[in-house]
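Colleague: Would you be able to build a 3D model of this:
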Amino acid sequence: MPGSASTTSHRSESLITRLHSASSSQNNETKLKVLRELKNQIIGNRTKKISYIKQGAVPFVVSVLSNCDCVNDCLVVVQCAAIVGSFACGVDVGVTAVLEAGAFAHLIALLSRDNVKVVDAGARALRMIYQSKVAPKYDFFEEKNIQFLISLLDRNNENVTGLGASIITHSCQTHDEQKILADAGVLKKLINLLGGTTNQRDASLESFATIIKENPEVISKFVGPENGRTWCTLIELTKDRYPRTRLLACKCINLIKNAAPSYLQYVGMRTKLILVLLELLDDPGQVGDEALFTLSSFIEDDEGLQKLAFETNTIDKLLNRTQKELLQAKRLQGVFITLANICSNLECCRSILIQSPKALNFVTDALTHTNVDVRVAACICLKNISRSVKYLSAGRFMTESVIMPLIQLLFDTSTSVQVAALCTISNIVVDFTMHKSLFVQNGGVKQLVQLSKSMDSVIRLNAVWALRNLVFLVDSRCKEVIFMELRALTLTSLVSDPSASVQEQALALICNLVNGPVDSIEYVFSEDGLLMNAVGRQLWSASKPEVLIQGMYVLCNVASGKEFHKEAVMHQLLPQPNNDGTQSIMVTMLQSDTAQLRTAAVWTIVNLTIPTGAGALARVVKLRNAGIVSQLKNMVNDPCLDVKLRVKTALGQSMTFGDFST
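Modeller: As a prediction, the model looks like this:
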């Protein structure tokens, strides 16, 4: 019959009392008995570990360890080290307790003993500590620390060399640290260990990956032509009998490819690596999970590799697996991220997922998954699938099964989910005119407007971006509904946002708003021209070319309207009478190094100088007096063809009223 909770509690208290007595006892048999009992209680039992930590067991164990003689008390030392390692294994609070009790220095001291069992026990315990994020960070800038680390890697003991590798994996985080380790010969030590036991290989591969990550300089020293052995060893290890070794070798090769693509140009090798990673997906545990993320990283931002993944039936293999078994959250996340990367550039890949109802439902169903990371990954996947202009224009994504869960994600408690949903919505609403009302009618606009007022600049930016795309080529009725929800005051605030990126998207939103029928231009004149004045102020004060380009295109669209609209643009562009000597911002923009800004500025002049307008002559005279026509004459051979063509048109229209030579 199982013991009751009170009985269990009584036993643990009794054990703590005996442990306290043992810490001051001289009898090794007494110590061993209580230590073994404690070890048997906590090994593999997280609940009991935490319970004994709270009852103060760790300091007593460390006290026994600190008072032991490694020669005469060898068995006790080994038991203490094993218990300390067990407390630290997989439990951050245990690592903290072990470190606070002062065990670290005692364990380090064990590494210099002659007794192999003592050394092994100390090294294993330290490795447990270094598996935790709260382990002490090793200072590689201290020469003595580097020498100690090298001495660990030189030892003929796999636990000690594994400890050295674990220290590197845990502590090496910057390019400077990577360079120090490489220059000190640590990489060479790790490469030599690749020929050791399975544990040594795996630990060395992890550390090797840590030192070369995103560091082409370090990579070139150890994988270049003069060091072909390293590369060949890694390739060979992708065929190892152990799945984890194959995975780690693939990770190292992927890191080399990411930082120095020239090392992996051979198509056959690239294909083999994809096939190895696909094979590793059969592992139901951590190796299978990590293989997915490695494959995803391997093909990311590389259309050639994405084609190879497509040709090796990666999509089919991933989808077949999802239909055969219920996947855990981590595996699902990896599947969606991998599918997202395959679809990022290739229409053929998107078509497979879009044309399969099961596949698309698999993605959209995951938008409501309980796990945050899965929801984010599903959004990213849907975003990349919806890059298809063909299916966007057909309204394939503007359906209730897609739109409704996306709108709900805008209310998600996770910021990362909200941002991912906003990015997806930006894609889906961008390119069609017939189906946007579904998004508007189901509260999408209202929530986007709310998020545009968020204190988080990333959410604010993406909300405005989504609104910008929603307004693009929308019909007049829908545009009016969106503007009534937004209001001029909100848009004015966004135009003056502290973030230049938000300013840019807000101005682009206004540009889309005033684009289309002449009546659309009236939006910037509502509430006594609040928006128009805000745009003008930004053009005079902003410094970022991206902001100025969008602001100028707003005025360009307004200048395409009626006489009143053109005069309002002139008012914003030219200095006021009380600002004598101030140069027009138009001249500054025409002189910009940014071709897009020059194009927008000249296009605005084209719209202002159309000869049929009643006030065209007066505007041309004002532009001449402001030095703008003269500046245009200096641009007839502009290096940008778009600018050159617009300048020709603008000058031609200006000359209709006579040659304003200077």
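
Colleague: any idea which element the nearest residue to Phe87 once chain neighbours are set aside lies in?
Modeller: The shortest distance from Phe87 to any non-neighbouring residue, by CB to CB, 6 or more residues apart in numbering, is to Gly94 (4.1 Å). Bear in mind the C-beta positions are built from the backbone N, C-alpha and C, glycine included. Taking DSSP states H and E as the definition, Gly94 sits inside helix 92-100.

Colleague: What of Thr210?
Modeller: Counting by DSSP H and E, Thr210 is part of helix 198-212.

Colleague: Now that helix: buried residues?
Modeller: Neighbour counts over helix 198-212 (16 or more other CB atoms under 10 Å) mark 200-212 as buried.

Colleague: would you turn those residues into JSON lines with distance to Asn258?
Modeller: Formatted as JSON lines, the buried residues of helix 198-212 follow (distance: CB to CB, whole Å):
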{"residue": "Gln200", "distance to Asn258": "25"}
{"residue": "Arg201", "distance to Asn258": "22"}
{"residue": "Asp202", "distance to Asn258": "21"}
{"residue": "Ala203", "distance to Asn258": "22"}
{"residue": "Ser204", "distance to Asn258": "20"}
{"residue": "Leu205", "distance to Asn258": "16"}
{"residue": "Glu206", "distance to Asn258": "17"}
{"residue": "Ser207", "distance to Asn258": "18"}
{"residue": "Phe208", "distance to Asn258": "15"}
{"residue": "Ala209", "distance to Asn258": "11"}
{"residue": "Thr210", "distance to Asn258": "14"}
{"residue": "Ile211", "distance to Asn258": "14"}
{"residue": "Ile212", "distance to Asn258": "10"}
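
Colleague: Name the residues that touch the helix holding Thr210?
Modeller: With contacts defined as CB atoms under 8 Å, 6 or more residues apart in numbering, helix 198-212 is touched by 158, 161-162, 164-166, 168-169, 172, 178, 181-182, 186-187, 190-191, 193-196, 218-219, 222-223, 237, 240, 242, 244-245, 248-249, 251-252, 255-256, 259.

Colleague: if you look at these, which of them are in helices?
Modeller: Among these, the members found in helices (DSSP state H) are 158, 161-162, 164-166, 168-169, 178, 181-182, 186-187, 190-191, 193, 218-219, 222-223, 237, 244-245, 248-249, 251-252, 255-256, 259.

Colleague: Make a PyMOL selection of the buried ones in those residues.
Modeller: What follows is the PyMOL syntax selecting those of the ones in helices among the contacts of helix 198-212 that are buried according to 16+ other CB under 10 Å:
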select buried, resi 158+161+162+164+165+166+168+169+178+181+182+186+187+190+191+193+218+219+222+223+237+244+245+248+249+251+252+255+256+259
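
Colleague: Of the buried residues of helix 198-212, which is the nearest to Cys89?
Modeller: Ala203 (16.1 Å; CB to CB).

Colleague: The nearest residue to Val636 once chain neighbours are set aside: what's it in contact with?
Modeller: Of all residues not flanking Val636 in the chain, Val647 sits nearest, at 5.9 Å (CB to CB, 6+ apart). Val647 makes contact with 602, 632, 635-636, 638, according to CB under 8 Å, 6+ apart.

Colleague: same thing with Ile342?
Modeller: Taking CB under 8 Å, 6+ apart, one finds 299, 306, 309-310, 314-315, 349 in contact with Ile342.

Colleague: what number of residues lie near Thr47?
Modeller: For Thr47, the tally of surrounding residues (other CB atoms under 10 Å) stands at 8.

Colleague: and Lys648, how far is that from Asp638?
Modeller: The gap separating Lys648 from Asp638 is 10 Å, by CB to CB, to the nearest Å.

Colleague: can you check Gln441 too?
Modeller: For Gln441, the distance to Asp638 - CB to CB - is 47 Å.

Colleague: Of those two, which one has the most company?
Modeller: Legend: neighbour count by other CB under 10 Å for Gln441 and Asp638, higher for Asp638 (20 against 12).

Colleague: In three-state terms, label the more buried one for me.
Modeller: In three-state terms, and counting by DSSP: H, G, I helix; E, B strand; the rest coil, Asp638 is coil.

Colleague: among the contacts of Ile342, which are in helices?
Modeller: Using DSSP H, the contacts of Ile342 in helices are 299, 306, 309-310, 314-315, 349.

Colleague: Just the buried ones out of those residues, please.
Modeller: By 16+ other CB under 10 Å, these give 299, 306, 309-310, 314-315, 349 as buried.

Colleague: Please identify which pair of those lies farthest apart.
Modeller: Maximum distance among those (CB to CB): 11.6 Å, for Ile299 and Ile315.

Colleague: Which residues are in contact with each of the two?
Modeller: By CB under 8 Å, 6+ apart, the residues touching both Ile299 and Ile315 are 309, 342.

Colleague: Not counting the helix or strand where Thr30 lies itself, show me its contacts.
Modeller: Assigning secondary structure by DSSP H and E places Thr30 in helix 28-42. Contact partners of helix 28-42, identified using CB under 8 Å, 6+ apart, comprise 12, 15, 18-19, 21-22, 25, 48-49, 52, 57, 61, 64, 73, 75-76, 79-80, 82-83, 86-87.

Colleague: Can you tell me how far the residue nearest to the spatial centre of the chain is from Lys383?
Modeller: Residue closest to the average C-alpha location in the chain (CA atoms, centre = their mean): Ser416, at 10.2 Å. In this structure, Ser416 and Lys383 are 14 Å apart, going by CB to CB.

Colleague: This completes my enquiry, with thanks.
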